[in-house]
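> Provide a 3D model corresponding to the input given below.
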Amino acid sequence: MGIGLETLFHLVYEIVHWCVGWCVPEMFHVEATDEAVKISGSKVKVLGPGRHWYHTMLSVIYHANVRRQTLALDDQLLTTQDHKRVRVGGMLVYKVTDIEKWLIDNEDSAEAIAEMAAHALREVIITSTFAEMQEARSQKRDALTREAQANLGAFGVRVEYLRLTTFAETEAKDIYHCGSLAGGAYAEEEDDE
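Okay, here's the model as predicted:
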């Protein structure tokens with residue numbers, strides 16, 4: 001048979017659409033609270049707030065909010081230096097300062113900073129005693145913030161602070177032997193059996 005009229009019109013539409021995509025640039029608007037990155041081949045260009053033109057066939061634009069953001073960290077079961085088991089949760093407040101690092105250099109920055117902030121929280125807790133955490137709260141808050149700043153700078157963010165939201169002694173046991181509760185957890189479990 002031959003080409004139907006509908007198929008012919010669709011083919012003409014696709015050719016015109018392809019030509020327009022190559023010849024006519026599109027406009028992208030970056031809000032005042034956002035920043036964007038335009039990638040054209042191997043070139044990366046940071047775009048500030050305003051209107052920007054780009055060719056959809058030659059460039060890709062990624063954008064992100066650069067306002068101050070808050071991240072609630074999931075509770076962790078940890079053991080302090082003096083072998084007290086504690087449930088610890090935290091809150092991270094940060095601001096994206098380097099949009100290129102945030103969007104281009106890291107696969108999933110939001111998930112990565114949650115993991116790194118939880119790691120910073122863990123490092124401070126396991127190197128402190130329970131009494132130290134209770135007595136020197138302001139010093140520990142500063143230590144948490146410093147640890148988070150050291151760990152998260154590579155992600156293109158400025159950490160304003162990392163604070164504890166939960167800090168409580170617990171009787172939790174590491175029944176799956178995953179190692180999150182070090183220091184005597186295995187011996188007590190064996191005694192209970």
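> which residues touch the most centrally placed residue in the chain?
Centroid-nearest residue in the chain, with Cα atoms, centre = their mean: residue 110, separated by 1.7 Å. Shown in contact with residue 110 (Cβ atoms under 8 Å, 6 or more residues apart in numbering): residue 71. (Each C-beta comes from the backbone N, C-alpha and C, glycine too.)
> which stretches of the chain form helices?
5-23, 99-100, 109-126, 130-135, 137-152, 185-192 (DSSP state H).
> Averaging pLDDT over each of the ones you listed, report the lowest-scoring one.
Comparing mean pLDDT across these, the lowest value falls on helix 185-192: a mean of 43.
> How is the chain divided into domains?
As assigned by automatic domain parsing, the chain contains the domains 24-65, 68-171.
> I'd like those as a markdown table, with distance to residue 13 appended.
As requested, the domains of the chain are exported to a markdown table (distance: least, Cβ to Cβ, whole Å):
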| stretch | distance to residue 13 |
| --- | --- |
| domain 24-65 | 15 |
| domain 68-171 | 34 |
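> Can you tell me which of the ones you listed is most buried?
domain 68-171 (a mean of 17; mean count of other Cβ atoms under 10 Å).
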